[in-house]
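Trainee: Predicted model and sequence follow; I will ask about them next.
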Amino acid sequence: MIKEPQSRIARKESWNDYCLFSIESPRIAQHARPGQFIMIRVNPHPYPLLRRPFSIHSRAKNTIEIFFQRIGVGTTLLAQKEADALLDILGPSGNGFSLNTGLKGKTVFLIGGGRGIAPLFFLAQELASLGAFVNIFYGGKSISDLCLKEKLEKKGFNLFCSTEDGSFGFKGLVTELLDEKIKNLIPEKMFVCGPEEMMKKIAYISSDKNIPAEFSLESTMGCGFGACWGCVRRIKRDNAESWLKICEEGPVFSTEEIIWQL
Amino acid sequence: MIKEPQSRIARKESWNDYCLFSIESPRIAQHARPGQFIMIRVNPHPYPLLRRPFSIHSRAKNTIEIFFQRIGVGTTLLAQKEADALLDILGPSGNGFSLNTGLKGKTVFLIGGGRGIAPLFFLAQELASLGAFVNIFYGGKSISDLCLKEKLEKKGFNLFCSTEDGSFGFKGLVTELLDEKIKNLIPEKMFVCGPEEMMKKIAYISSDKNIPAEFSLESTMGCGFGACWGCVRRIKRDNAESWLKICEEGPVFSTEEIIWQL
Amino acid sequence: MTDLGIDLGFLKLKNPVIAASGTFGYGLELAQFVDLNQLGGIVIKGLYFHPRPGNPPPRLVETSCGLINAIGLQGIGVKKFSEEILPQLKKINTVIIVNVCGENEQEYASVVDFLSKKEGIKAFELNISCPNVEKKGLCPALDPDATFSIVRLVKKSSRLPIITKLSPNVTNIEEIALSAQEGGSDGISLTNTFLAMAVDVETRKPKLANVFGGLSGPAIKPIALRMVYQVANRVNIPVIGMGGIFSSEDALEFMIAGAKAVQVGTANLIDPEATLKIIKELRDYCEKNEIKMIEEIIGTLEI
Amino acid sequence: MTDLGIDLGFLKLKNPVIAASGTFGYGLELAQFVDLNQLGGIVIKGLYFHPRPGNPPPRLVETSCGLINAIGLQGIGVKKFSEEILPQLKKINTVIIVNVCGENEQEYASVVDFLSKKEGIKAFELNISCPNVEKKGLCPALDPDATFSIVRLVKKSSRLPIITKLSPNVTNIEEIALSAQEGGSDGISLTNTFLAMAVDVETRKPKLANVFGGLSGPAIKPIALRMVYQVANRVNIPVIGMGGIFSSEDALEFMIAGAKAVQVGTANLIDPEATLKIIKELRDYCEKNEIKMIEEIIGTLEI
Ligand SMILES: Cc1cc2nc3c(=O)[nH]c(=O)nc-3n(C[C@H](O)[C@H](O)[C@H](O)COP(=O)(O)OP(=O)(O)OC[C@H]3O[C@@H](n4cnc5c(N)ncnc54)[C@H](O)[C@@H]3O)c2cc1C
Ligand SMILES: Cc1cc2nc3c(=O)[nH]c(=O)nc-3n(C[C@H](O)[C@H](O)[C@H](O)COP(=O)(O)OP(=O)(O)OC[C@H]3O[C@@H](n4cnc5c(N)ncnc54)[C@H](O)[C@@H]3O)c2cc1C
Ligand SMILES: Cc1cc2nc3c(=O)[nH]c(=O)nc-3n(C[C@H](O)[C@H](O)[C@H](O)COP(=O)(O)O)c2cc1C
Ligand SMILES: Cc1cc2nc3c(=O)[nH]c(=O)nc-3n(C[C@H](O)[C@H](O)[C@H](O)COP(=O)(O)O)c2cc1C
Ligand code: FES
Ligand code: FES
């Protein structure tokens, strides 16, 4: 992990509740893998206190992108920053999704709910370059949650959208849309990021139909680099359950590993 | 006093360590008197917590100006704001300098050290319109502290400048410059704002030569409207000494009233 | 339309939001900003029997999300208060509570005795917890016996309900609350400020002339909330919670944890309209969550 | 060139800045950011004799300028620590202090006894003050007798110096500090975190699975500083101060108030380089103020 206290926001794009930054950070860009994240210090003052974690949304030679939703004080302050502002970031953190060559020529489903799409875009590009057939399921409450659909289409991924209010694509939950599609197309593997409820349902589908799946989990993070033990989730490894630090051992885990709490 | 939660910064001017805002606030402008101040909430978050007091530097029909120095977290954040930003302000607070018509045709000295010049500009204009002969003493460590000298000259006030490093005007303390001038020109009254040490010296001159003088005092303010008793200074009135709230009873007091603490 | 009314048993409030002592002056200072009639209540700045000079300045230091004050309870005394202030307060349609101070038990009793005879006061809040009068921050609320005996004595001489205001600077807040209850207190309010200090590293002097002061504001909220929760689950008299309440969300945290009403202190200094804003937001919250009477949410914390 | 060295009597530090327990992992987690050899010392995350699962999440809540944690001392136990971690720590040229925990007096003694036999540890810090292990936030450091007896027992079984870490959740911090001194403690560190809580007003549940947690960060600094000042003026063993130290100015406040060294905790989580930044700024401050040895400033507060 690297500390980049002065990373420039090269480009900003914003929507109602969402925002996208392209951030200059050659060293982090160089090491980044899909599913990894960065920790951003929103401002130099003690409020808000902690850094905020954001998945790496894409990677170029010298820049990385983040795509985030405004849900509170930190993301709101962050969304107020404009291009050329400097960000204090740490990263890349965590281990990310597993990219194995075995997926060449195989069908994969990437399922993202709302801001959960963030890490999947980077992943989709890497999987495509491995030669996998990438299908992206992109769900939201309303069309305004699907800001990235054009971007995803442009990249030529096979895109299935759903909105709870039916304002765009399939009307209902993305998991219902998945239920539909999966009837006549069984993927080799699923990669998932989104609200807890959505991931739980897909975990069920994964084990029920035994389709391997990986999930990017969230939790409140104190540091993002393994020092505080604040970010744990219940994980099963070598037949032993324990509280694992998702900033180090995760945030990505497989269906078998995750013990979903109620 | 009025709360104006959304006052627009109409114009911003800035120097190395100083900054000037013209703020749209018709209602405060209407009631403002020289020596009064406003309380600014630097941002909507709990850090920094308290409002910061700033003298009213000038007044137009719909706007007031403030002129401030960057010395800490609040003034630094404030100086980062740009034109069109909205400020949450309370004012006008305090009682201000006494403007009596008796000064018509008389000579007055206005003595300001560094940011202490802020309230004196407004005062100078009002005194001039009363027909007084306004002499302004403007002192600083160095020429960079005298950002307003052109502005003051343009208005046609009689200006005497001093810098401790001699980079402009008289070399030395503004009080030494005053000592010089006062030998051959005794003012009817002195109006003073600046560092504690400077004001103390002038208070001594005032009583020694018995030239009436008024001083704009500072103190850390909790509220600026008389609710917290945090801003007191030692004041003598009707032969009784007590801790008076300078936000209400001040910030301006006369030579006889102020008990200078060591 | 939600009913924001609160019944403390000994006192009815039109809503749970009370202005905290010492941050709202004698009530009238904020009239220029706030329609005082809309408040649940106002606690007057602490009063001794005689006028008090208060501490020398500096009296305030700002800290990270907090404020340390060492005002030292400067005040006008009961006589001047009842002659000059009380008549004006009577015109306001809200509950007036006087915050009572004393050098010793007897002075508390005398203040209560004197003011009990006047019209326009609805209750007394015993400030046995001010940390910045005595240099070492000592006060009766640090000791269960001292608390018990002061409350019992004052309760005798009072025609009006007594709310005992506790200090957070203790090991066992429940124990102190219970002694106040045994002493006959009608209600309990907490917390007062946390004993604190700050140092100027250039002069190497304390930033407060009084050396120690009381910390208030958002910084202390999580600790104050914990204590209010502990006390509310231990005593059977009403608890009024405070400590860093700046928003309706803060107020709701205290009420859900068991406070029947809340006091807003430091927030008034930064936004004189804070109390009204919180009252409005509480109404919005109740309507959004279809709560008919705000009293329904008191102590509903699910563990 | 200023001498930043500190002599605690029982221990020499190359500078006064120590990484606080639980915020610096087992020391190695931050090696990717920090040259550990530059630190005055590292206090290892709290260790029980056996591995500990820790509390269920959520374990953290951010508050205004503060952080509430309820990690519950998840840890690997002394055996795994000395086999897997200690050998790597030995390679670092800084003082390693182990933060010792226990379910009961005996466990504290066993941990100290076990680790006393290992190389590479310079002192033990007795964590008798962790508020978030027992549900009600109880710990030995709330009681003078419990403090005395635990310190005395552990001191017996220890080849190495003992630093007793105190809780701020007490009425009389000086009393507890004195009992630790009587018990034979070589030094005292304070403060641990403040017992606190937070409520989610939408779900009406505590924000921490453990309900209570410990508040740390800039919010608590003014209270912690006051306690360090009180203790440093009361005991005659060295005091290590902490609580919200984020900058050299914060560190200096504690040292001027009487702390011989300081610990930096929460700041490490936000800026892993915080300790190094503070060390550098301390050097700058001393040079600017022509201070030859930083020890000169300890306890120089002018009242
Ligand atoms: C590994 C990881 C990667 C992430 N990647 C992204 C991303 O790419 N894009 C993105 O938009 N968000 C992402 N998040 C979530 C993001 O970190 C949070 O939304 C952000 O920290 C909220 O900060 P805030 O100050 O705006 O909200 P706060 O003011 O801290 O909280 C506002 C509300 O949101 C809730 N909240 C806070 N943190 C979280 C969280 N982690 N998950 C769910 N609810 C929360 C709080 O409980 C509160 O109710 C990621 C989180 C993790 C752990
Ligand atoms: C009635 C009144 C009118 C004022 N008018 C003006 C004005 O027109 N222009 C202007 O530039 N300033 C003015 N000031 C001073 C101004 O309010 C302070 O400089 C400001 O509050 C500092 O805030 P900060 O957050 O930047 O500094 P902080 O971070 O709060 O403090 C930084 C450093 O400055 C010191 N400090 C803080 N407040 C003061 C103060 N009031 N006086 C001296 N030192 C202080 C602190 O002790 C600290 O060492 C006025 C003050 C008062 C009381
Ligand atoms: C400037 C100031 C003056 C205060 N004066 C009193 C007082 O006279 N009597 C009292 O009981 N509490 C007094 N307090 C404590 C407050 O009433 C309140 O208990 C405390 O500040 C915590 O609430 P808050 O964080 O909302 O301010 C004072 C607080 C401040 C900030
Ligand atoms: C996440 C976290 C974990 C902690 N774990 C321990 C611990 O294991 N043992 C201990 O004695 N103190 C522990 N503490 C307390 C700190 O060591 C320190 O005493 C406290 O946080 C105050 O300092 P600070 O404000 O600089 O963080 C922990 C604090 C935090 C924030
Ligand atoms: S966030 Fe600190 S250990 Fe994972
Ligand atoms: S600043 Fe609050 S009374 Fe003057």
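Mentor: Noted; the coordinates are in hand. Ligands and ions are numbered 1, 2, ... in the order given.

Trainee: Quick one: mean pLDDT for stretch C:270-281?
Mentor: Across stretch C:270-281, pLDDT averages out at 97.

Trainee: Contacts only, for the closest residue to ligand 4 within the stretch 101-250 of chain C.
Mentor: Nearest residue of the stretch 101-250 of chain C to ligand 4 (C-beta to the nearest ligand atom) works out as C:Ala219 at 11.7 Å. C-beta: built from backbone N, CA, C; applies to glycine. By C-beta atoms under 8 Å, 6 or more residues apart in numbering or on different chains, C:Ala219 lies in contact with C:Thr63, C:Ser64, C:Cys65, C:Gly66, C:Gly244, D:Ser64, D:Cys65, D:Gly66, D:Pro218, D:Ala219, D:Ile220, D:Pro222.

Trainee: what's the closest non-adjacent residue to the last one?
Mentor: With C-beta to C-beta, 6 or more residues apart in numbering or on different chains as the criterion, D:Pro222 has its nearest non-adjacent residue at 3.5 Å, and that residue is C:Ala196.

Trainee: For whichever strand or helix holds A:Glu197, which helices and strands make contact with it?
Mentor: For A:Glu197, the host element (DSSP states H and E) is helix A:196-208. Applying 3 or more C-beta pairs under 8 Å, 6 or more residues apart in numbering or on different chains; DSSP states H and E, we find helix A:196-208 packed against strand A:107-113, helix A:174-184, strand A:189-193, strand A:213-216.

Trainee: if we go to 7 Å?
Mentor: Packing partners of helix A:196-208 (3 or more C-beta pairs under 7 Å, 6 or more residues apart in numbering or on different chains; DSSP states H and E): helix A:174-184, strand A:189-193, strand A:213-216.

Trainee: Next, the buried residues of that helix.
Mentor: Residues A:Met198, A:Met199, A:Lys201, A:Ile202, A:Ala203, A:Ile205, A:Ser206 are the ones in helix A:196-208 that count as buried (16 or more other C-beta atoms under 10 Å in any protein chain shown).

Trainee: What are the boundaries of the helices in the chain?
Mentor: Just going to use chain A. Secondary structure of chain A (DSSP state H): helices at A:26-31, A:73-79, A:117-129, A:149-154, A:174-184, A:196-208, A:246-249.

Trainee: other chain: chain C
Mentor: Taking DSSP H, the helices of chain C run over residues C:77-80, C:86-90, C:105-116, C:144-156, C:173-182, C:221-232, C:248-256, C:266-270, C:274-288.

Trainee: so for the fifth one, what's the average pLDDT?
Mentor: In this case it means helix C:173-182. 97.

Trainee: just stretch A:182-193 next, same as before
Mentor: Here the average pLDDT along stretch A:182-193 is 94.

Trainee: cool, stretch C:13-30 as well?
Mentor: Averaged across stretch C:13-30, the pLDDT comes to 96.

Trainee: so who does the spatially closest residue to A:Ser167 that is not a sequence neighbour touch?
Mentor: Leaving aside its sequence neighbours, A:Ser167 sits nearest to A:Ile143 (C-beta to C-beta, 6+ apart; 4.1 Å). By C-beta atoms under 7 Å, 6 or more residues apart in numbering or on different chains, the contact set of A:Ile143 is A:Thr163, A:Ser167, A:Phe168.

Trainee: just to revisit the earlier point, quick one: which of the contacts of C:Ala219 is most hemmed in?
Mentor: Highest neighbour count within the contacts of C:Ala219, by other C-beta atoms under 10 Å in any protein chain shown: D:Ala219, with 37 neighbours.

Trainee: Low-confidence bits of chain C, can you list those?
Mentor: By pLDDT under 70, the weakly predicted segments of chain C are C:131-135, C:137.

Trainee: Name the residue of it that lies nearest to ligand 4.
Mentor: Counting by C-beta to the nearest ligand atom, chain C gets nearest ligand 4 through C:Ser64, at 10.7 Å.

Trainee: and that residue, what does it touch?
Mentor: Per C-beta under 7 Å, 6+ apart, neighbours of C:Ser64: A:Pro46, B:Tyr47, C:Ala219, D:Cys65, D:Pro218, D:Ala219, D:Lys221.

Trainee: Now for those residues: which two are most distant?
Mentor: Taking C-beta to C-beta as the measure, the contacts of C:Ser64 span a maximum distance of 13.1 Å, between B:Tyr47 and D:Lys221.

Trainee: Of the two, which one has the most company?
Mentor: Using other C-beta under 10 Å, the more surrounded residue of B:Tyr47 and D:Lys221 is D:Lys221, with 30 against 25.

Trainee: contacting residues around that one?
Mentor: D:Lys221 makes contacts with C:Thr63, C:Ser64, D:Gly243, D:Gly244, D:Asp250, as judged by C-beta under 7 Å, 6+ apart.

Trainee: and the residue of chain C at minimum distance from chain A, what are its phi and psi?
Mentor: Residue nearest to chain A within chain C (C-beta to the nearest C-beta): C:Ser64, separated by 4.8 Å. Main-chain dihedrals, C:Ser64, degrees, to the nearest 10: phi -60, psi 110.

Trainee: Excluding chain neighbours, what is closest to it?
Mentor: Nearest non-adjacent residue to C:Ser64, counting by C-beta to C-beta, 6+ apart: D:Pro218, 3.4 Å away.

Trainee: Pretty sure that neighbour sits against A:Pro48.
Mentor: No - the pair D:Pro218 and A:Pro48 does not pass the contact test of C-beta atoms under 7 Å, sitting 11.7 Å apart.

Trainee: can you tell me the residue of chain A closest to chain B?
Mentor: Closest point on chain A to chain B, by C-beta to the nearest C-beta, is A:Tyr47, at 3.9 Å.

Trainee: State the phi and psi torsions of C:Ala31.
Mentor: Backbone geometry at C:Ala31, expressed as degrees, to the nearest 10, gives phi -60, psi -30.

Trainee: picking up where we left off before, can you list the contacts of C:Ser64 in TSV and add distance to D:Gly22?
Mentor: Compiled in TSV, these are given as follows (distance: C-beta to C-beta, whole Å):
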residue	distance to D:Gly22
A:Pro46	19
B:Tyr47	25
C:Ala219	21
D:Cys65	19
D:Pro218	17
D:Ala219	17
D:Lys221	18
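
Trainee: Can you narrow the residues you listed down to the ones near ligand 1?
Mentor: Filtering these for proximity to ligand 1 by C-beta under 6 Å from any ligand atom leaves nothing.

Trainee: Between those, which sits nearest D:Leu13?
Mentor: Closest approach between the contacts of C:Ser64 and D:Leu13, by C-beta to C-beta: D:Lys221, at 21.6 Å.
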